[in-house]
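**Student:** need a structure here:
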Amino acid sequence: MTEPIAVTPSLSEQEQVRHDKRARLLADGVAPYPIQVPRTHSAAAVHAAWGHLAAGEETTEVVSVAGRVVFIRNTGKLCFATVQDGFTQADSGVRLQVMLSLAEVGEDLLDAWKADVDLGDFVSVTGRVISSRRGELSVLATGWQLASKALRPLPTLHKELGEETRVRQRYADLVARPEARDMVRTRALVTRSIRESLHADGYLEVETPVLQLVHGGAAARPFRTHLNAFDIDMTLRIALELFLKRAMVGGADRVYELGRIFRNEGIDSSHSAEFTMLEAYQAWGDQKTIAAMTQRIIVDAADAALGTRQLQTPDGEIDLDGEWEWKPVYPTLSESVGEEITPDTDVAVLRRLAAAHGVEHDPAWPAQKLVMELFGELVEPNLLQPTFVCDYPPIAQPLARQHRSDPNLIEAWDLIVGGVERATGFSELIDPVIQRERLVAQSLKAAAGDLEAMQLDEDFLAALEFGAPPMGGMGLGLDRLMMLFTGAGIRETILFPLLKPHA
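**Tutor:** Prediction:
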């Protein structure tokens, strides 16, 4: 069968050498990409079974191992290589030495190894398990086979794998750096732990639409698209909230979803246009019960993924075992600026304070918006230990319930850890009349040009009019939690982050 004609981009010298080897192998009738090769043991299994061998000790046990060649040293009659397993839940990719000697494999196979195998290739090696004279567990080959020819060389860690290259070529990053593989494994452990914690607490995992007719559940600018089948405009979801609440109306007692969220806004070290959110809702709960649940799943995730509740950061140690304080917005802001701020404070005073503290602001902002901005700039960055910032002005969350003891506040909190918001939660607004008033106000803002304002969702309001139980709800950014646990930027925590294309 003849190969299809392909246009090959300009190749480096090393790439051309590898392409030439591939062509030669094909001409010689050797498959550079066979469907299957011998593999009886993983490298990890070999270590588990024979890791006890003393230096120089040999066995008669024959195994076939396969993996990527990450080190190679060819000498006259004896060649050494290191093959690396794929990474798994259990490890970051175990390595194993293979040895090819003239006496064991013969001249033809040894010469073919030297001629055909490059760093990055996948190979299968069959032979006896031994420990080298230096005490390194090895497979002394009696045969070998190419499993996959790599046409690009492995990157040089210190020269080629800067942050930009790492995130653009994550496949190369995963091959070269155990830290990259550990990040994937840690994220998997965190995700699994969250699900297990919620399952143990009686939560039901559900899935809700990604394509939506009306965007809502958060203040964010959506991505817009068009559904050809119905010839209607739609958006990608900016939150999970409104459909999860529909499930609560329908009788679900506790629900959650771990899903991708899309917001068409700034991208920086802590924001991504596409990210993963956990949202959970608890019937007969409120902001306090949902906060306790949030604390529990974060501590459980730290135990599962890190094995510690003490996190080391450049700003000091964060103790997840310590007290998670509650700090109300207005008294805490008052303490920060040195004068009393209340819901009745005049907007002119807040503008003066913003100017005095170098906080950028729009002169048209109302008092509540200025309070939010002042708090975010002056207080939040200094909250190292886990803190539930609470008693927000109503502008903060249009879907939160009015505070039971102060009509000027809402029952809502943001969880700040390490100076960054990690989660938010509140006593959910279930009064459909008040909810309509709030969403109408949001829709008027949207009509006036506010790109982040929510739209009026008549279907959601109709559901709420059926009646919903009192409930607490929360949202947690999984990527933000990974940033807390690993100290990495958001692009490093996402396996394949959205990137600006090269010019």
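**Student:** ok now stretch 438-452, how far from the chain's centre?
**Tutor:** Offset of stretch 438-452 from its chain centre (CA atoms, centre = their mean, to the nearest Å): 31 Å.
**Student:** Can you give me the distance of the closest residue to residue 417 other than its chain neighbours to residue 335?
**Tutor:** Closest residue to residue 417 apart from its sequence neighbours, by CB to CB, 6 or more residues apart in numbering: residue 386 at 4.8 Å. All C-beta atoms are positioned from the backbone trio N, CA, C, and that covers glycine. According to CB to CB, to the nearest Å, residue 386 and residue 335 sit 19 Å apart.
**Student:** who's more crowded, those two?
**Tutor:** Taking other CB atoms under 10 Å, residue 386 and residue 335 do not tie; residue 386 has more neighbours (24 against 13).
**Student:** wait, that one sits on residue 324?
**Tutor:** Yes - contact criterion CB atoms under 8 Å: residue 386 and residue 324 qualify, at 4.3 Å.
**Student:** shared neighbours of these two, anything?
**Tutor:** Listed as contacting both residue 386 and residue 324 by CB atoms under 8 Å, 6 or more residues apart in numbering are residue 295.
**Student:** related to what we said a few turns ago, over to the residue nearest to residue 417: give its phi and psi.
**Tutor:** Main-chain torsions, residue 386, degrees, to the nearest 10: phi -60, psi 120.
**Student:** If I look at it, what pLDDT would I see?
**Tutor:** For residue 386, the model assigns a pLDDT of 98.
**Student:** cool, residue 503 as well?
**Tutor:** In this model, residue 503 carries a pLDDT of 63.
**Student:** Could you do residue 4 as well?
**Tutor:** Reading off the model, residue 4 has pLDDT 55.
**Student:** before we move on, the earlier item: next one: the residue nearest to residue 417 from residue 471, what distance?
**Tutor:** 23 Å.
**Student:** and what of residue 215?
**Tutor:** 22 Å.
**Student:** tell me which strands and helices the helix or strand containing residue 66 is in contact with?
**Tutor:** If you go by DSSP states H and E, residue 66 is part of strand 58-74. Under the contact criterion of 3 or more CB pairs under 8 Å, 6 or more residues apart in numbering; DSSP states H and E, strand 58-74 touches helix 43-50, strand 78-84, strand 95-101, strand 122-131, strand 137-148.
**Student:** Okay, buried residues for the longest one please.
**Tutor:** Looking back up the chat, that one is strand 137-148. For strand 137-148, a neighbour-count test (16 or more other CB atoms under 10 Å) marks 137, 138, 139, 140, 141, 142, 143, 144, 145, 146, 147 as buried.
**Student:** Also the first one?
**Tutor:** Across helix 43-50, burial judged by 16+ other CB under 10 Å covers 43, 44, 46, 47, 50.
**Student:** Tell me the one of those residues nearest residue 60?
**Tutor:** Of all the buried residues of helix 43-50, residue 60 sits closest to residue 50, with 11.7 Å by CB to CB.
**Student:** so residue 391 sits in a strand?
**Tutor:** Yes - under DSSP: H, G, I helix; E, B strand; the rest coil, residue 391 sits within a strand.
**Student:** correct me, but it touches residue 329?
**Tutor:** Yes - using CB under 8 Å, residue 391 is in contact with residue 329, at 5.5 Å.
**Student:** Where do the helices of the stretch 351-500 of the chain begin and end?
**Tutor:** 367-378, 432-447, 458-464, 478-486, 490-493 (DSSP state H, counting those that start in this stretch).
**Student:** and the last one, which residues are buried?
**Tutor:** Think helix 490-493. So helix 490-493, judged by 16+ other CB under 10 Å, has buried residues 490, 491, 492, 493.
**Student:** For stretch 444-464, measure first residue to last.
**Tutor:** 21 Å (CA to CA, to the nearest Å).
**Student:** May I see the buried residues of that stretch?
**Tutor:** Quick answer for stretch 444-464 (16+ other CB under 10 Å): 445, 446, 452, 453, 454, 455, 456, 457, 460, 461, 463, 464.
**Student:** Can you lay out those residues as JSON lines showing pLDDT and distance to residue 477?
**Tutor:** Putting the buried residues of stretch 444-464 into JSON lines (pLDDT from 0 to 100; distance: CB to CB, whole Å) gives the following:
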{"residue": "445", "pLDDT": "83", "distance to residue 477": "24"}
{"residue": "446", "pLDDT": "80", "distance to residue 477": "24"}
{"residue": "452", "pLDDT": "78", "distance to residue 477": "17"}
{"residue": "453", "pLDDT": "79", "distance to residue 477": "21"}
{"residue": "454", "pLDDT": "80", "distance to residue 477": "19"}
{"residue": "455", "pLDDT": "81", "distance to residue 477": "23"}
{"residue": "456", "pLDDT": "86", "distance to residue 477": "27"}
{"residue": "457", "pLDDT": "89", "distance to residue 477": "23"}
{"residue": "460", "pLDDT": "93", "distance to residue 477": "23"}
{"residue": "461", "pLDDT": "94", "distance to residue 477": "27"}
{"residue": "463", "pLDDT": "96", "distance to residue 477": "26"}
{"residue": "464", "pLDDT": "96", "distance to residue 477": "26"}
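**Student:** quick check, nearest of these to residue 348?
**Tutor:** The closest of the buried residues of stretch 444-464, once distances to residue 348 are taken by CB to CB, is residue 445, at 23.0 Å.
**Student:** Not counting sequence-adjacent ones, nearest residue to the closest one?
**Tutor:** Nearest non-adjacent residue to residue 445 (CB to CB, 6+ apart): residue 453, at 3.8 Å.
**Student:** I'd like the buried residues of strand 137-148 written out as JSON lines, with distance to residue 352 added.
**Tutor:** Shown next, in JSON lines, are those (distance: CB to CB, whole Å):
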{"residue": "137", "distance to residue 352": "71"}
{"residue": "138", "distance to residue 352": "74"}
{"residue": "139", "distance to residue 352": "75"}
{"residue": "140", "distance to residue 352": "80"}
{"residue": "141", "distance to residue 352": "78"}
{"residue": "142", "distance to residue 352": "83"}
{"residue": "143", "distance to residue 352": "81"}
{"residue": "144", "distance to residue 352": "77"}
{"residue": "145", "distance to residue 352": "77"}
{"residue": "146", "distance to residue 352": "73"}
{"residue": "147", "distance to residue 352": "70"}
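**Student:** Among those residues, which pair sits farthest apart?
**Tutor:** Maximum distance among the buried residues of strand 137-148 (CB to CB): 23.2 Å, for 137 and 146.
**Student:** Kindly reformat the buried residues of helix 490-493 as a markdown table containing distance to residue 192 and pLDDT.
**Tutor:** Converted to a markdown table, these look like this (distance: CB to CB, whole Å; pLDDT from 0 to 100):
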| residue | distance to residue 192 | pLDDT |
| --- | --- | --- |
| 490 | 21 | 92 |
| 491 | 23 | 91 |
| 492 | 20 | 92 |
| 493 | 16 | 94 |
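**Student:** helix/strand/coil for residue 297?
**Tutor:** Under three-state DSSP, residue 297 comes out as helix.
**Student:** Can you tell me, leaving aside adjacent residues, what's nearest to it?
**Tutor:** That would be residue 197: by CB to CB, 6+ apart, it lies 4.4 Å from residue 297.
**Student:** Give me the neighbour count for that neighbour.
**Tutor:** Counted with other CB under 10 Å, residue 197 comes out at 18.
**Student:** can you check residue 153 too?
**Tutor:** Neighbours around residue 153, by other CB under 10 Å: 16.
**Student:** same thing with residue 401?
**Tutor:** Applying other CB under 10 Å, I find that residue 401 has 22 neighbouring residues.
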